[in-house]
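Turn this into a model:
(one chain, ligands or ions: 1)
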Amino acid sequence: MTSETGDALEFDYVVVGAGSAGCVLANRLSADPAARVCLVEGGGQDRTPRIHVPAGTITLYKSDRYAYQFMSEPQEKLNGRRVHVPRGRMLGGSSSMNSMIYIRGDRSDYDGWAAMGCPGWAFDDVLPVFKRFEDDRLGLDPAFHGTGGELAVDRPRDPNPASRRFVEAAREVGMAENPDFNGARLEGVGLYNVTQANARRLSSYRAFVHPVRGRANLTVMTDARVDGLDLEGARVRGIVVTRNGRRLRLGSRRETVLAAGALGSPEILLRSGIGDAGELGQAGIEPRHHLPGVGRNLQDHLDGLVTVRSADASTLGFSAGSAPRILASPLRYLASKAGWLTTNYVEAGGFARTRFAGAVPDVQFHFVPGYRSHRGRLFEWGHGYAIHTCVLRPESRGRVFLKPGPEGPSLAIDFRFLDKEQDGRVLVEGMKLARSILAASSFAPIRGAEIAPGPKRASDEDLMAYVRSDASTVFHPSGTCRMGSDDLAVTGPDLKVRGLHGLRVADASIMPTLVSGNTNAPSIMIGEKCAAMMLADR
Ligand SMILES: Cc1cc2nc3c(=O)[nH]c(=O)nc-3n(C[C@H](O)[C@H](O)[C@H](O)COP(=O)(O)OP(=O)(O)OC[C@H]3O[C@@H](n4cnc5c(N)ncnc54)[C@H](O)[C@@H]3O)c2cc1C
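Got it, this is the predicted structure:
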């Protein structure tokens, strides 16, 4: 650490959250040796192989050490169930625990943002930003891909044969193979590209901060939980953190950026008294700046699972038949970067249109070449394969808010899943498409019984009941500090928090609408674009 003077530390820029967006921000802002930058992270280091070896990802999902283990409020339309919401808590944030799929979404997502009052965010505006940080290792179309950036994008090293079967099966039922979901069109099926280099995860931290950690003007502070903002009237002067049981003030002479994610950023704003003044008062927080949109507009990709058992031991799974492969996997990984340990578990998938869709896909498939537990377990004995299907552009909107409690206010997450019934109808149609893929002859050699939803659940009503009893998310919460130009927007298109000075938000929370795909690359793009706007403002 640099420039500690008692309990006060002064920087030019303070970035809160070393996740997908925060790490690229810290890199770009500290490229100028004259600018003192502090990147503040609530979690710890990223030194375990569970993060770096791709197959380790599954062990992070329920880890208390490397993830915040949130549970949602009871979801009324999901039979009152609470939904598990893990978020990364370490250097790299959720990019250190995610499944490494690299997807941007559809052109229309960004054009839609621009049309909703966010000039500068249309696809043609953001494509060069995506290309700037990308290092395409596959020789894809340079009109859509960058090379020489920090974030390597590659193919899964050694996909399981069942992933190829998925692609063939989808072709059998009329879906086109798409060799590049980040190219001219999103629709189709194929192998996903992944953020890996040399068969190791490339988190945002490893891509953007680790290589420049030696910069004398960059301080990376871990295990530092940000409690709130240091406000002087409408000016943000810095942040207040708790670290090793001590409270510290970190000053920011120029700007503070919240990049704490779609749950963390609104929580920090609300705890600082920035939000709906009436609701803050009820939660026992003194209102400092009335901004009623904070925490609203929460969106996520609701997901339904179809999982099939298999007698064949070639898929990922634990059995006597797979024991030799499992035992040999560390050696294969070290010697030739192949085998089980290279898997990100979601090696293939795609984008399809249900009968409700217009020109753009409305569902995404994540194919898992292993037996996905139908009862919420991390591992199950034996073999199988599964398709997760999610609704790409949900209509339902939820919110995060502070709930009063005996130990002070705590964060509450209410997705309001299926508040708009159409989301459920799209999901049911998508799951029917998934079932048609699984029924194609390409799967015949390894097909076993469908475990979930199970053959008895055949009608649309049965599937909707299954969605209510079992649907979960694919971990893409977004939209809770929405940018825009209207009264409920939290930031403007410049990502400056409306009505305050010296504060921006840059992470998945600023998305006006959820993108049609996974959210890591879009979050990095948001960080990259925010940094460019900040540097232009100097
Ligand atoms: C299990 C899982 C699998 C996923 N799979 C994929 C995938 O394959 N592909 C994909 O594109 N997307 C995937 N995602 C989603 C994607 O990773 C996230 O949308 C993206 O990382 C969000 O980036 P962010 O910058 O908004 O937040 P994050 O990356 O979550 O970063 C926020 C950071 O802020 C820190 N923080 C929060 N609050 C505080 C505080 N008060 N004080 C200090 N620090 C704080 C956190 O510890 C964290 O490091 C997955 C997510 C999960 C959880």
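
Which one of the residues in the stretch 251-400 of the chain is closest to the ligand?
In the stretch 251-400 of the chain, the residue that lies nearest the ligand is residue 264 (2.7 Å; CB to the nearest ligand atom). Every C-beta, even on glycine, is put in place using the N, C-alpha and C of the backbone.

hey, where'd the helices end up in this structure?
20-29, 49-52, 107-115, 123-133, 161-172, 204, 261-271, 277-282, 323-336, 421-438, 460-470, 520-537 (DSSP state H).

wait, doesn't residue 141 sit right on residue 185?
No: between residue 141 and residue 185 there is no contact under CB atoms under 8 Å: 11.5 Å.

where along the stretch 251-400 of the chain do the strands fall?
Secondary structure of the stretch 251-400 of the chain by DSSP state E, counting those that start in this stretch: the strands cover 274-275, 289-290, 296-298, 302-310, 348-352, 363-368, 383-391, 398-403.

what's the fifth one packed up against?
Other elements packing on strand 348-352 under the criterion 3 or more CB pairs under 8 Å, 6 or more residues apart in numbering; DSSP states H and E are helix 161-172, strand 188-191, strand 363-368.

so can I have CSV of the strands of the stretch 251-400 of the chain showing mean pLDDT and distance to the ligand?
What follows is the strands of the stretch 251-400 of the chain, written out as CSV (pLDDT from 0 to 100; distance: least, CB to the nearest ligand atom, whole Å):
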stretch, mean pLDDT, distance to the ligand
strand 274-275, 98, 14
strand 289-290, 98, 18
strand 296-298, 98, 13
strand 302-310, 96, 11
strand 348-352, 98, 10
strand 363-368, 98, 8
strand 383-391, 97, 11
strand 398-403, 97, 12
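
And those strands: which comes nearest residue 159?
Of all those, the one in closest proximity to residue 159, counting by CB to CB, is strand 348-352 (7.0 Å).

The closest one pairs with which strands, parallel or anti?
Paired neighbours of strand 348-352 in the sheet (DSSP bridges): strand 188-191 (antiparallel), strand 363-368 (antiparallel).

Just list the residues touching residue 44, thanks.
For residue 44, the contact set (CB atoms under 8 Å, 6 or more residues apart in numbering) comprises 65, 89, 90, 91, 222, 223.

and which of those residues is nearest the ligand?
The closest of those to the ligand turns out to be residue 89 (CB to the nearest ligand atom; 4.2 Å).

ok, and the closest non-adjacent residue to the closest residue to the ligand within the chain?
Nearest residue of the chain to the ligand: residue 19, at 1.8 Å (CB to the nearest ligand atom). What sits nearest to residue 19 in space, not counting adjacent residues and going by CB to CB, 6 or more residues apart in numbering, is residue 93, at 2.2 Å.

The one you found and residue 39, how far apart?
11 Å (CB to CB, to the nearest Å).

swap in residue 395?
Counting by CB to CB - residue 395 and residue 39 are separated by 36 Å.

Also residue 137?
27 Å.

Could you do residue 234 as well?
Distance of residue 234 to residue 39, computed by CB to CB: 25 Å.

residues touching residue 527, list them.
20, 21, 22, 23, 24, 25, 204, 259, 506, 507.

Farthest-apart pair in the residues you listed, please.
Longest span within these, CB to CB: 204 and 506, 12.4 Å.

neighbour-wise, which of these two wins?
residue 204 (35 against 30; other CB atoms under 10 Å).

Does the more buried one touch residue 98 like I think?
No: between residue 204 and residue 98 there is no contact under CB under 8 Å: 10.0 Å.

Touching both of those two, which residues are there?
residue 520.

can you tell me if stretch 40-49 touches the ligand.
Yes: contact between stretch 40-49 and the ligand, assessed by CB under 6 Å from any ligand atom, occurs at 40, 41, 42, 43.

That stretch: how far from the chain's middle?
Stretch 40-49 sits 17 Å away from the centroid of its parent chain (CA atoms, centre = their mean, to the nearest Å).

Give me the buried positions along that stretch.
40, 41, 42, 43, 46, 48 (16 or more other CB atoms under 10 Å).

can you check stretch 52-65 too?
Buried, per 16+ other CB under 10 Å, within stretch 52-65: 52, 53, 54, 55, 57, 58, 59, 60, 61, 63.

for the third one, what are its contacts?
With contacts defined as CB under 8 Å, 6+ apart, residue 54 is in contact with 100, 156, 194, 196, 199, 200, 201, 341, 342, 343, 344.

Compute the number of surrounding residues for the residue nearest to it when sequence neighbours are not counted.
Spatially, and ignoring its direct neighbours in sequence, residue 54 is nearest to residue 344 (4.9 Å; CB to CB, 6+ apart). If you count neighbours by other CB under 10 Å, residue 344 ends up with 22.

cool, and residue 456?
Residue 456, neighbours per other CB under 10 Å, totals 7.
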